[in-house]
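S.K.: compute the structure for the input listed below.
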Amino acid sequence: MIIGVGTDIVSLERIRRAAMNARFVERILTRREREEFTSIAEIAGRWAAKEAIAKALSSRTLGWQEVEILRGSQGEPLVSVQLPPGQHLHLSISHERENAVAFAVLEQRQPADIS
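M.R.: Predicted coordinates for the structure are as follows:
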C-alpha cells in the first residue's frame, strides 16, 4: 500500500551557483555521495531526490546526511535511509539540460500470508 509520495524539481543553474560554495556540497551530500557524483546534474538530482524523499516521509524531519543515494550496478538510484519495519522507498531521478527532477514513493509492505 502506498503511504506517501513526493516530487521535486530543481534548476541546474540554481545548484551550479550554490555549489560554488564547497560547504553547500558538503552539507547536502554524504562523503560517499561526494566521491561518486561530480557533475552538477548529478548533484542537482540528489538535491531533488532528497527533497522528494522528505515529502514522501512527511511525518518526519530528515537531515541532508540522513539520506544517502548512490548508483547501483545498472545506474539505478540506491537509497539508504532509516525506515520503520515493513516500509520501502522507491525513487526515480531524471535530469536534462536545465532541470533535475525526482519522484519518491513510500510503500508499506504487507507481511506474506502464511498458511
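S.K.: CA atoms for contacts and neighbours, from now on please.
M.R.: Fine.
S.K.: now residue 108. Nearest residue, chain neighbours left out?
M.R.: residue 87 (4.5 Å; CA to CA, 6 or more residues apart in numbering).
S.K.: mind listing what residue 92 touches?
M.R.: 49, 77, 102, 103, 104 (CA atoms under 8 Å, 6 or more residues apart in numbering).
S.K.: checking it next. Helix, strand or coil?
M.R.: Under DSSP: H, G, I helix; E, B strand; the rest coil, residue 92 falls in the strand class.
S.K.: the residue nearest to residue 108 touches residue 106, doesn't it?
M.R.: Yes - contact between residue 87 and residue 106 holds when scored by CA atoms under 8 Å: they sit 6.9 Å apart.
S.K.: just give the nearest non-adjacent residue to residue 27, would you?
M.R.: residue 64 (6.9 Å).
S.K.: contacts only, for the one you found.
M.R.: Neighbours of residue 64 in contact, by CA under 8 Å, 6+ apart: 27, 28, 29, 30, 50.
S.K.: tally of neighbours for residue 100?
M.R.: Neighbourhood size, residue 100 [other CA atoms under 10 Å]: 25.
S.K.: thought it was touching residue 50?
M.R.: No - applying CA under 8 Å, one finds residue 100 not in contact with residue 50, separated by 12.0 Å.
S.K.: and the pLDDT at the residue nearest to residue 27?
M.R.: Note on residue 64: pLDDT of 91.
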